[in-house]
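> Model the following, please.
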Amino acid sequence: MKKLFLQAFATLLYLAGFAQQKTADITIIPEPLLVSPMPGSFVLNQNTQIHYEGKAGRITANLLNDFLESNYNFKLELNSRPLPKQPAYPIISIVEASTGKPEGYILEVNAGKVYLQGDAAGLFYGLQTIRQLVPVDKKAAIHIPALRIQDYPRFAYRGLMLDAGRHFFPPSYIRQFIDMMALYKFNRFHWHLTDDQGWRIEIKKYPRLQEIASVRKETLIGHHRFSKQYDGKPYGGYYTQEEVRNIVQYAAERNITIIPEIEMPGHSQAVLAAYPRFGNTGGPYEVRTTWGISKDVLNPANDSVFTFLQDVLTEVMDLFPGKYIHIGGDECLKDRWKESAEVQQLIRKLGLKNEHDLQSYFIQRMEKFVNSKGRAIIGWDEILEGGLAPNATVMSWRGEEGGIAAAKQKHDVIMTPNTYLYLDYYQGHTTTEPLNAGNFLPLKTVYKYEPLPASLDAAEKQYIKGVQANIWTEFMPDQEMVNYMTWPRALAVSEIAWSQPGKKDLSRFMKKLPSELARMNNAGIRFRIPEPVGLESKLVNTTEVTVTLTPPVKGAAIFYTTDGSEPGTSSSRYIHSIHLPVPEKGTATLRTIVVLPSGRISPVYSAGYIRDGNYLPAQQVKPGKKGLTFTARFGESTTTDTSGIIPQVDIRQLQLKNWQLSAVYEGYVKLDADGLYEWYLNADDQAKFYLDDQLLLDISTPGTPEKNILSVMRKGYHKVKVEFRNTQGGPWLELGLFRNGEKINLADHLYTGQ
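The predicted model follows:
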């Protein structure tokens, strides 16, 4: 009896160890609720048959066959006959039956059978899990590991938004984008179809929208914050109603609902170019050729504006059968309303307090119309201003504050804060990233987002219906750039939206990433190639550092240099750990590139290694007020034209006065801990950065790339100074600070001197 007990105990220990080992090998994104690995695997081949039950079972079976045919060039026999007790062939059984949770599924795999159960949506998501379980290498035999999965989503709304207003993307790419969303269990595609820079949907009653509003005469080159150069080329495009219907159907077949956005009352300059009578000034107007926000908005004192919008939304609602219509409502500048006598008269007539109340009137009037058609509106969080429309859902983008306020008012909320979910922000070091909107949002920061604010109680949290990441395309002229900015960060969003909080684990997510990126690479998706895992700047206390790297994409190669030169495919290839001498004073630098199996090459990624102990001492000073002091001279002035205190280095408020300027910023940065910090400086003209009176960074020639430097600093206050001179074009200046790969918000750490 004792021997039998010991054997059973040993078996349990084996299975526990096996489960722990195999769980690490199962790479599913987003992470399922429960995964129980088992010994063995199911071999899927041409002898396999698919058994299905229910309409959704048949649809899922056909989708599985489509996947097998496009990837492995074979299809399986389908049948809905009762299963034999002892089938003589391997079976995939797909059964439409509730698991008790909407969109949930159960997946069981053993050597002879794959069993998938769920409602229609659940079966579809179970199929996506099966797709991720098959080998990335399409030439390999299809072994699906034996396991049991029970899974369902955390949030009902799991979305991505793609802005087609600034740049137009063909229907073929929209379908590819939807395919990628479906694989990672997103279920809402927010399609931003109109903006100041272009109208992208055919409206039959108003043909000038596609004829005029869809085309801008040229497009800004560079960043609108400092460029005044244009390409001189007409740019346009729009989706026909037939194309929209086809895309809506395509998305529905993949369990994705499309939410169209028609902007109002702001972001409407393209409308005014086609129909100037809807504006406040009478025009003339043109489709906006630069980015940013236009002061020309729709005129609420003109009743024909509401007739126009109702006609447009009637056609839009005929194309999009989903519950929600997004009406924008964001960034509506009120200048034209303040200047308009008839608008001011309307405010008095309606008994409103101000222009914010007028915007609320505008949104509520449109909501009544949308509600009368059996639909509901979604708007950006500005629709809270002046009073929220009765049945509106709020998308909280300016941080979480709008979402918190709406939830407390018992309105449904979609969390989409720019601080975590704006995928137009750069995702790596500024020296390696293409032109983009600015701000720093790396993959790891996205992953850390928790959508339920701690300031809400349990009842209020019920109004947070989901999560959405936004892809604004001012600086994304083509689909390659959209893919680069979207993936892999959208994979982190998928796990935020689907996985339960207790199942989120950044370390595990990063280990799953290489396999999924290899899958994307095989599909031709040009995602951003992440930095090699293990490439991190460090303080070391020895004469030599050992650096161990892992390719960020399965099957990729790493090439490197240690002498400061640019690495290429003829440089040393990483095979095993690198032993790098670290000088007593100075920095040892490791520079790398990642080369995918497809041949695509990453930017140069680098890390520096500095001896611990070479600290720059803190200054013995008492801080003054928050911020930096600044002085500025305009044009050829030799004396100070303006001065004051500013939260951080920011040239934008000065450029409004004169783009020919010189500026000096001075103060102290407060560091909370000893450590290795990285400063970077970015300027479109001439700039210098001093730390504790030492010149660290010098951009002397216009067009010079951003510069960065590592600095070992003690906790406390350090003197900072930035000198800037702009002689051509609109000015641009940025000073940044990183620690451990995380960007520090300098505005929280800067102080003036006393």
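> What are the phi and psi values at the residue nearest in space to the middle of the chain?
The centroid of the chain falls nearest to Leu423 when counting by Cα atoms, centre = their mean (2.7 Å). Leu423 adopts backbone torsions of phi -80, psi 10, taken as degrees, to the nearest 10.
> Name the nearest residue to it, ignoring sequence neighbours.
Of all residues not flanking Leu423 in the chain, Ile471 sits nearest, at 4.9 Å (Cβ to Cβ, 6 or more residues apart in numbering). Yep, even glycine has a C-beta here, placed from its N, CA and C like the rest.
> Surely the one you found touches Val482?
Yes - judged on Cβ atoms under 8 Å, Ile471 makes contact with Val482 at a distance of 6.2 Å.
> Could the C-alpha coordinates of the host helix or strand of Lys721 be exported in PDB?
In the assignment (DSSP states H and E), Lys721 maps to strand 716-726. Output of strand 716-726 as PDB, limited to C-alpha atoms (Å, rounded to 0.1, in the frame of the first residue of the first chain):
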ATOM      1  CA  GLY A 716      18.900  65.200  -5.300                       C
ATOM      2  CA  TYR A 717      19.100  68.400  -7.400                       C
ATOM      3  CA  HIS A 718      21.100  68.900 -10.500                       C
ATOM      4  CA  LYS A 719      21.400  72.100 -12.500                       C
ATOM      5  CA  VAL A 720      20.000  72.000 -16.100                       C
ATOM      6  CA  LYS A 721      20.300  74.600 -18.900                       C
ATOM      7  CA  VAL A 722      19.100  74.500 -22.500                       C
ATOM      8  CA  GLU A 723      20.100  77.000 -25.100                       C
ATOM      9  CA  PHE A 724      18.200  77.200 -28.300                       C
ATOM     10  CA  ARG A 725      18.400  79.200 -31.500                       C
ATOM     11  CA  ASN A 726      16.000  79.000 -34.500                       C
END
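> Contacts made by that strand with the rest, please.
With contacts defined as Cβ atoms under 8 Å, 6 or more residues apart in numbering, strand 716-726 is touched by 616, 618-619, 621, 623, 628, 649, 651, 655, 659-671, 681, 683-693, 731, 733, 735, 750-751, 753.
> Which members of the residues you listed occur in strands, if any?
Residues of the contacts of strand 716-726 located in strands (DSSP state E): 623, 628, 661-671, 681, 683, 686-691, 733, 735, 750-751, 753.
> where do the contact lists of Ile471 and Val482 overlap?
Residues touching both Ile471 and Val482 (Cβ under 8 Å, 6+ apart): Leu162.
> Give me the distance from the strand holding Lys721 to the chain's centre.
Strand 716-726 has its average C-alpha position 32 Å from the chain's average C-alpha position, going by Cα atoms, centre = their mean, to the nearest Å.
> so who does the spatially closest residue to Phe186 that is not a sequence neighbour touch?
Excluding the flanking residues, the one nearest Phe186 by Cβ to Cβ, 6+ apart is Arg158, at 4.9 Å. Going by Cβ under 8 Å, 6+ apart, Arg158 touches 185-188, 466-468, 494, 497-498.
> Figure out the helix or strand that Arg158 lives in.
With DSSP H and E as criterion, Arg158 is part of strand 157-163.
> after that strand, next one along is what?
Using DSSP H and E, the first helix or strand after strand 157-163 is helix 171-183.
> Now that next one: buried residues?
The neighbour-count check on helix 171-183 (16 or more other Cβ atoms under 10 Å) flags 173-174, 176-178, 180-183 as buried.
> so which of those comes closest to Val604?
Met180 (27.5 Å; Cβ to Cβ).
> quick one: the residue lying closest to Leu590 once chain neighbours are set aside from Met510, how far?
Leaving aside its sequence neighbours, Leu590 sits nearest to Ala607 (Cβ to Cβ, 6+ apart; 5.2 Å). According to Cβ to Cβ, to the nearest Å, Ala607 stands 17 Å off from Met510.
> These two: who's more crowded?
Applying other Cβ atoms under 10 Å to Ala607 and Met510 shows that Ala607 carries more neighbours, namely 22 against 18.
> list the contacts for the more buried one?
Ala607 makes contact with 535-538, 547, 589-590, according to Cβ under 8 Å, 6+ apart.
> redo that, cut-off 10 Å
By Cβ atoms under 10 Å, 6 or more residues apart in numbering, the contact set of Ala607 is 531-532, 534-538, 545, 547, 549, 580, 587-592, 710.
> And Leu63, by the same measure?
94, 123-124, 127-128, 131, 182, 253-254.
> What distance do you get for it to Ile29?
Per Cβ to Cβ, Leu63 is found 19 Å from Ile29.
> Next: Asn470.
For Asn470, the distance to Ile29 (Cβ to Cβ) stands at 20 Å.
> Settle it for me: which of the two has more neighbours?
Shown here are Asn470 and Ile29; by other Cβ under 10 Å, Ile29 has more neighbours (24 against 20).
> Can you list the low-confidence ranges for this protein?
Residues of the chain meeting the criterion pLDDT under 70: 1-24, 225-226, 652-653, 655-659, 701-706, 728-730.
> can you list the domains in it?
25-151, 157-522, 538-611, 623-753 (automatic domain parsing).
> and these, which is most packed in?
Ranked by mean neighbour count, the domains of the chain are led by domain 157-522 with a mean of 19 (mean count of other Cβ atoms under 10 Å).
> Can you give me the first-to-last residue distance of that one?
Start and end residues of domain 157-522 are separated by 29 Å (Cα to Cα, to the nearest Å).
> Ok, stretch 564-579 next?
Stretch 564-579 has an end-to-end distance of 16 Å (Cα to Cα).
> how far off helix 171-183 does the helix or strand where Pro260 lies point, in degrees?
Using DSSP H and E, Pro260 maps to strand 257-264. For strand 257-264 against helix 171-183, the angle by axes from the mean of the first three to the mean of the last three Cα atoms, to 10 degrees is 120 degrees.
> could you give the angle of strand 257-264 to strand 157-163?
Going by the same axes, to 10 degrees, strand 257-264 is angled at 50 degrees with respect to strand 157-163.
> Beyond strand 257-264, next helix or strand please.
helix 269-274.
> name the helices or strands packed onto that following helix?
strand 194-195, strand 198-199, helix 208, strand 215-216, strand 257-264, helix 303-319 (3 or more Cβ pairs under 10 Å, 6 or more residues apart in numbering; DSSP states H and E).
> Tell me which of the ones you listed sits nearest to Gly386.
Minimum separation from Gly386 across those (Cβ to Cβ) falls at strand 257-264, 14.8 Å.
> Please state the offset of that closest one from the chain centre?
How far strand 257-264 lies from its chain's middle: 18 Å, per Cα atoms, centre = their mean.
> go on, stretch 717-734?
Distance of stretch 717-734 from its chain centroid, counting by Cα atoms, centre = their mean, is 29 Å.
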